[in-house]
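[1] Using only what follows, build the 3D model:
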Amino acid sequence: MLTLTPIHAPPNAEETPDFILALDDIDCWDAPHDETMIEVEELQRIVRAIEDECDARGLTVEFE
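    Predicted coordinates:
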């Protein structure tokens, strides 16, 4: 399991996505596997899954 916390858009942003996620924050799995680092290939699959789920729900997401 992986818990993601969206970050806030800048206050002066004109158009903001529904979610902004910091890729640097996605580094380990949730407990009890919190010592297991997320590898690049896994991160790519996670990002694709998030994008697909947001698309299916009509939401927008950006990654920083």
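[2] Now stretch 31-51: buried residues?
    Neighbour-count burial for stretch 31-51, counted by 16 or more other CB atoms under 10 Å, picks out Ile46, Ile50. C-betas here are computed from N, CA, C, even on glycine.
[3] got the end-to-end distance for it?
    Distance across stretch 31-51, first residue to last, is 24 Å (CA to CA, to the nearest Å).
[4] Can you show me the strands along this structure?
    Here the chain has its strands, by DSSP state E, at 19-21, 61-63.
[5] Go through those and name the closest to Glu53.
    Of all the strands of the chain, it is strand 61-63 that lies closest to Glu53, at 8.8 Å by CB to CB.
[6] residues in contact with that closest one?
    Residues outside strand 61-63 that contact it (CB atoms under 8 Å, 6 or more residues apart in numbering) are Pro17, Asp18, Phe19, Ile20, Leu21, Ala22, Leu23, Val47, Ile50, Glu51, Cys54.
[7] Selection in ChimeraX covering whichever of those residues are buried, please.
    For the buried members of the contacts of strand 61-63, the matching ChimeraX selection, counting by 16+ other CB under 10 Å, is:
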select :19,20,21,50
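[8] Pick the one among the contacts of strand 61-63 closest to Pro10.
    Lowest distance from Pro10 to the contacts of strand 61-63 (CB to CB) belongs to Ile20, with 9.6 Å.
[9] and the closest one, what does it touch?
    Residues in contact with Ile20, defined by CB under 8 Å, 6+ apart, are Pro6, Ile7, His8, Ala9, Val61, Glu62, Phe63, Glu64.
[10] JSON lines please, covering the strands of the chain and showing distance to Glu39.
    Formatted as JSON lines, the strands of the chain follow (distance: least, CB to CB, whole Å):
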{"stretch": "strand 19-21", "distance to Glu39": "18"}
{"stretch": "strand 61-63", "distance to Glu39": "17"}
